[in-house]
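> sharing a model prediction with you, sequence too.
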Amino acid sequence: MAASYAGLLAEKLETAGEREQAIMVRQRLVRAPKALASAQDAASPGGAGQLPIDGESRLHTVDFSRPSSGEVFVALPSGLERRVADFLDASRHYDVLARAGAAIPPRMLIFGPSGTGKTQSARWIAAQLGLPLLTVRCDTLVSSLLGQTSKNLRRVFEYAQGSPAVLFLDEVDALASARGNERDVGELQRVVVSLLQNIDALEENVVLIAATNHDRLLDPAVWRRFAFQLPMPLPDAGLRDQLWRKHLGAFGGTGVDFATLTACSAGVTGALIEQVSLDAKRHAVMARQTSVDEAETHRRLALAMALMQGKELSSVDDEVRWLRKLDMRRFSVRELSRLYGVTTRQINNMMKGSKSDGPQGKVE
């Protein structure tokens with residue numbers, strides 16, 4: 001009955017000269033059986049419905065989740081916050097903007113170094129829109145069978161149009177690397193073409209987000225499909241301070257110098273700050289302390305940064321020498337003795353390159 005009334009509405013709209021609105025109604029009618037099935041499946045436990053699968057492995061090519069505003073935290077520079085706000089407005093008010101001839105398809109490309117919050121931003125946007133998040137799994141989407149990857153892509157995009165959701169293409173460079181590389185095989189180029197065609201075939205009000213750590217590898221044609229582009233830089237001093245306070249929470253206490261932590265963490269990602277904060281809090285809990293040990297937090301931060309720089313600190317001796325070289329005042333012999341639970345004499349022996357505690361690693 002609803003479909004019949006919708007058909008009559010489309011006819012009246014077309015008669016009244018509202019041809020675009022009539023086309024939109026008829027497009028909805030074409031997908032009505034699929035949308036109904038999706039709504040029925042959503043009532044089942046998990047609410048994921050019949051997720052698309054890879055024909056070869058029979059594994060799901062999409063992960064279904066429902067992020068909520070309370071569980072997702074994102075910190076962005078003010079300029080990027082404004083871009084995200086514009087994107088949310090374009091998504092929420094697409095119909096109003098379309099009637100005014102000012103609509104922009106809500107499609108965003110997020111790019112930047114690993115650990116800067118690209119996936120978290122996609123989750124936050126879905127939560128703000130109150131929509132489920134469909135995260136494409138490139139590990140199962142990409143198939144070894146000729147033509148199967150393109151088929152998987154088509155199924156994913158068709159599924160995303162079945163009911164309101166945010167379609168998230170994480171690590172999109174795996175599907176959209178620049179064409180023209182002489183080492184590329186024809187199948188990889190066909191996947192890029194298939195991706196572009198599926199994006200073009202999406203209804204313009206479908207929310208699409210893509211993310212990549214390797215923006216320079218993307219095919220130029222991919223960039224043109226995304227009206228909104230969000231570069232994710234490393235956090236500046238203000239954001240680092242906000243991240244430390246957020247992730248340490250009540251364990252920050254009054255004895256932690258956040259200004260010093262912020263200064264010492266210059267050049268690191270938000271993900272690394274979160275990791276160090278969790279490690280420091282875990283240490284505090286195991287030591288039955290109500291707040292983190294500031295020196296221990298700095299030690300964990302310094303070692304995490306050394307790993308990020310490719311330093312191989314395979315022994316305690318390596319760590320001690322690295323910390324002393326990094327900041328002799330903060331990591332004094334006495335303080336290192338306390339942190340590692342050894343005598344000052346042992347610390348001095350480590351600094352001299354003593355081999356009494358095991359093999360020594362190379363220190364640059």
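Everything's here; your move. Numbering: from 1, shown residues only.
> tell me which other helices or strands the helix or strand harbouring Arg123 touches.
Using DSSP states H and E, Arg123 maps to helix 118-129. Counting contacts by 3 or more C-beta pairs under 8 Å, 6 or more residues apart in numbering; DSSP states H and E, helix 118-129 is packed against helix 78-92, strand 107-111, strand 133-136, strand 166-169, strand 207-212. To be clear about C-beta, it is placed using only N, CA and C from the backbone, and glycine gets the same treatment.
> in a markdown table: these, plus mean neighbour count and distance to Ala284.
Formatted as a markdown table, the helices and strands packed on helix 118-129 follow (neighbours: other C-beta atoms under 10 Å; distance: least, C-beta to C-beta, whole Å):
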| stretch | mean neighbour count | distance to Ala284 |
| --- | --- | --- |
| helix 78-92 | 15 | 32 |
| strand 107-111 | 24 | 34 |
| strand 133-136 | 23 | 33 |
| strand 166-169 | 26 | 35 |
| strand 207-212 | 25 | 33 |
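> including mean pLDDT and distance to Leu153, could these go into CSV?
Formatted as CSV, the helices and strands packed on helix 118-129 follow (pLDDT from 0 to 100; distance: least, C-beta to C-beta, whole Å):
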stretch, mean pLDDT, distance to Leu153
helix 78-92, 92, 22
strand 107-111, 96, 16
strand 133-136, 94, 9
strand 166-169, 95, 10
strand 207-212, 95, 13
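> before we move on, the earlier item: show me how far the helix holding Arg123 is from its chain's centre.
8 Å (C-alpha atoms, centre = their mean, to the nearest Å).
> got the angle for it vs strand 107-111?
150 degrees (axes from the mean of the first three to the mean of the last three C-alpha atoms, to 10 degrees).
> what lies in contact with helix 118-129?
65, 67-69, 71-74, 76, 84, 87-88, 91-92, 108, 110-112, 132-133, 135, 166, 168, 170, 207, 209, 211-213, 230, 232 (C-beta atoms under 8 Å, 6 or more residues apart in numbering).
> immediately after the lowest-mean-pLDDT helix or strand in the chain, which helix or strand?
Sorting the helices and strands of the chain by mean pLDDT, DSSP states H and E puts helix 32-42 at the bottom, at a mean of 44. Downstream of helix 32-42, the next assigned helix or strand under DSSP H and E is strand 62-65.
> tell me which residues of that following strand are tucked away?
By 16 or more other C-beta atoms under 10 Å, the buried positions in strand 62-65 come out as 62, 64.
> one more: stretch 229-240?
230, 232, 234-235, 239-240.
> quick one: end-to-end length of that stretch, please.
23 Å (C-alpha to C-alpha, to the nearest Å).
> how far off centre is it?
For stretch 229-240 - counting by C-alpha atoms, centre = their mean - the centre lies 14 Å from the chain centre.
> may I have the strand or helix carrying Gln346 as CSV, with CA atoms only?
If you go by DSSP H and E, Gln346 is part of helix 344-351. Provided in CSV are the C-alpha atoms of helix 344-351 (Å, rounded to 0.1, in the frame of the first residue of the first chain):
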residue,chain,number,x,y,z
THR,A,344,72.9,3.6,41.9
ARG,A,345,76.1,1.5,41.5
GLN,A,346,74.3,-0.8,39.1
ILE,A,347,73.0,2.3,37.1
ASN,A,348,76.6,3.6,36.9
ASN,A,349,77.8,0.2,35.7
MET,A,350,75.1,0.2,33.0
MET,A,351,76.2,3.7,31.9
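> for that helix, packing partners?
By 3+ C-beta pairs under 8 Å, 6+ apart, helix 344-351 packs against helix 316-326, helix 333-340.
> can you list the weak-confidence ranges in this structure?
1, 3-5, 7, 26-27, 29-49, 146, 178-187, 354-364 (pLDDT under 70).
> domains of it?
The chain breaks down by automatic domain parsing into domains covering 48-231, 237-351.
> would you turn these into CSV with distance to Arg28?
Formatted as CSV, the domains of the chain follow (distance: least, C-beta to C-beta, whole Å):
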stretch, distance to Arg28
domain 48-231, 9
domain 237-351, 40
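> if you compare the helices and strands packed on helix 344-351, which one is most tucked away?
helix 316-326 (a mean of 20; mean count of other C-beta atoms under 10 Å).
> next, the angle helix 333-340 makes with it.
Using the same axes, to 10 degrees: helix 316-326 against helix 333-340 is 140 degrees.
> just checking, what packs against helix 316-326?
Going by 3+ C-beta pairs under 8 Å, 6+ apart, helix 316-326 lies up against helix 294-308, helix 333-340, helix 344-351.
> how about those helices in JSON lines, adding distance to Leu248?
Output for the helices and strands packed on helix 316-326, formatted as JSON lines (distance: least, C-beta to C-beta, whole Å):
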{"stretch": "helix 294-308", "distance to Leu248": "8"}
{"stretch": "helix 333-340", "distance to Leu248": "18"}
{"stretch": "helix 344-351", "distance to Leu248": "27"}
